[in-house]
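[1] My questions concern the predicted model and sequence given below.
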Amino acid sequence: KGAEMVSAQLYNCSREPHATGCTYQQNFAWKVCNSGNCKVLKTISAATPAMCCAACNADTACAIFVVSPDKTCKTMTANQGGTALKGAVSGTPNR
């Protein structure tokens, strides 16, 4: 019997789309903390909520973020509560 060639192709066929973007809370600020399991991962100046969302999505350790009224973004591993704050935007990545 002679040699046989077999050809096969594999595809990544996810049955559901991956979540993208973030869920936002307007006029609310997660408490910025650096203790225990809650720590700041990154600080970005002059940030928009979309920029902060992208930074959080790019880091698998990031669970939440907050953009303060002065446009400073902080990405964090966890939260320890928050409070109403006019002009702030808090969010979580849609994963």
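    Arrived safely.
[2] Was I right to think Thr72 contacts Val40?
    No - look at Thr72 against Val40 with C-beta atoms under 8 Å: they stay out of range, at 10.9 Å. All C-beta spots, glycine's among them, are computed from the backbone N, C-alpha and C.
[3] which residues sit in contact with Val89?
    Shown in contact with Val89 (C-beta atoms under 8 Å, 6 or more residues apart in numbering): 24-28, 49, 52, 66-67.
[4] which among those residues gets closest to Met76?
    Taking C-beta to C-beta as the measure, Val66 is the one of the contacts of Val89 closest to Met76, at 7.7 Å.
[5] Of all the residues in the host helix or strand of that closest one, which ones are buried?
    Counting by DSSP states H and E, the element that carries Val66 is strand 64-67. Buried residues in strand 64-67, defined by neighbour count with 16 or more other C-beta atoms under 10 Å: 64-67.
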